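In: coords please:
(2 chains)
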Amino acid sequence: MRLTTKLLTSCLAFVLLAGTLAGCNRGPTDQVLAQNVNAKLKADPALASRVINVTAASGAVTLTGSVNSEAEKTTAGQLAQGVDGVKSVINNLTVRPPVVNATPPPVSPDTKLKADVEASLAKYGITGVTVGVVSGEVTLTGDIARAKLQDAMKAANEAHPKKVLNKMNIK
Amino acid sequence: MELTEKYQSLIDIANQRGVSNLQIATQEGVLYVTGTTNDGSVKQQLWDEYNRIDPDYRAGDLVLNIEVEGGGYDEYTVVSGDSLSKIGKHWNKNWKEIWDANRAEVPDYNKIYPGQKLRIPR
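Out: As a prediction, the model looks like this:
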């Protein structure tokens, strides 16, 4: 009886050990796999600047996000497939080519444009900037702190102008 | 240089970050980039890119208008002489509402600093 127990215990130990070893042979964990695929994609000059999300489950890698062309999508899939330990790739990347269309957005009438830019400047706590509007073209003059420059430009850009001319003195 | 080329990196970011209704047009030497997002950080990233391409915003060849939809925050840079209540008045918000949105960075509502970025809830 005692012998049987002992035998059973060592068997169990062996099985556990074997299990661990097999686990080691299974290759990188899904988390590491996702990281490796990500690194591979980032190493590609075109794909480096795309936003691609990589997840892995039991060696199956899923790519989501967007790229600029079919060619980029194919490349991403192939690169992922080539990473050690990847069993399959689900390529859910969407292709979104940059849009260039002909019609510019509508321009606000001058009086509204001026009022909107001034209200927006006030919201951003900007004083000492004068807003001039002629035929949809907004000209900003006066002194502006560099820290506030972007806010002032946002105020002008978001009021639906035809053009924004920054003549401000940046301090 | 074509304007779309000059601002290509900005257009790329808008595409990648999933700006919806993204419209890109050129007319009389001005490039128009408009669209909407529900993530305020996307708008900020685009402005930072604009800033990188034209640090002083002198060229007058881009109109960038990215609307942030629903919830989210506007960003406000504190100038000297500001207080939460003064900022609140401009944005039509109670000062406490603004404080609540910035508690982590502003433990004491009396202490905000010029240059500090505050989040203004929409």
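In: for the residue nearest to the spatial centre of chain B, which non-adjacent residue is spatially closest?
Out: Geometric centre of chain B, nearest residue: residue B:44, 4.4 Å, by C-alpha atoms, centre = their mean. Spatially, and ignoring its direct neighbours in sequence, residue B:44 is nearest to residue B:75 (6.4 Å; C-beta to C-beta, 6 or more residues apart in numbering or on different chains). In this view, the C-beta of every residue, glycine as well, is placed from N, C-alpha and C.
In: next up, the contacts around the one you found.
Out: By C-beta atoms under 8 Å, 6 or more residues apart in numbering or on different chains, residue B:75 lies in contact with B:40, B:44, B:117-120.
In: picking that back up, helix or strand for the residue nearest to the centre of chain B, which one?
Out: Per DSSP states H and E: residue B:44 is located in helix B:40-53.
In: test my guess that residue B:60 contacts residue A:161.
Out: No: in this structure, residue B:60 is not within contact of residue A:161 by C-beta atoms under 8 Å, at 10.2 Å.
In: give me the element residue B:120 is part of.
Out: Residue B:120 belongs to strand B:117-121, assigned by DSSP H and E.
In: quick one: strands adjacent to that strand?
Out: Under the criterion DSSP bridges, strand B:117-121 sits next to strand B:73-77 (antiparallel) in its sheet.
In: output the strand it pairs with as PDB, restricted to C-alpha atoms.
Out: C-alpha atoms of strand B:73-77 as PDB (Å, rounded to 0.1, in the frame of the first residue of the first chain):
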ATOM      1  CA  TYR B  73     -12.700  67.900 -22.600                       C
ATOM      2  CA  ASP B  74     -11.300  71.100 -24.100                       C
ATOM      3  CA  GLU B  75      -7.800  72.000 -23.200                       C
ATOM      4  CA  TYR B  76      -7.000  75.300 -21.500                       C
ATOM      5  CA  THR B  77      -3.600  76.800 -20.800                       C
END
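In: helix or strand next in line after it, which one?
Out: helix B:84-91.
In: quick one: distance of that following helix to the chain centre.
Out: 18 Å (C-alpha atoms, centre = their mean, to the nearest Å).
In: for that helix, name the packing helices and strands.
Out: Where contact means 3 or more C-beta pairs under 8 Å, 6 or more residues apart in numbering or on different chains; DSSP states H and E, helix B:84-91 is packed against helix A:110-123, strand B:73-77, helix B:95-101, strand B:117-121.
In: go with 6 Å
Out: Helix B:84-91 sits against helix A:110-123, helix B:95-101, with contacts defined as 3 or more C-beta pairs under 6 Å, 6 or more residues apart in numbering or on different chains; DSSP states H and E.
In: okay, buried residues for that helix please.
Out: The neighbour-count check on helix B:84-91 (16 or more other C-beta atoms under 10 Å in any protein chain shown) flags B:84, B:87-88, B:90-91 as buried.
In: average pLDDT for that helix?
Out: What helix B:84-91 shows for mean pLDDT is 90.
In: in terms of secondary structure, what does the helix or strand containing residue A:132 contact?
Out: Take DSSP H and E as the rule and residue A:132 turns out to sit in strand A:129-134. Contacts defined by 3+ C-beta pairs under 6 Å, 6+ apart place strand A:129-134 against helix A:110-123, strand A:137-144.
In: before we move on, back to that, which PyMOL command selects the buried ones in the contacts of residue B:75?
Out: The PyMOL command for the buried members of these (criterion: 16+ other C-beta under 10 Å) is given here:
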select buried, chain B and resi 40+44+118+119+120
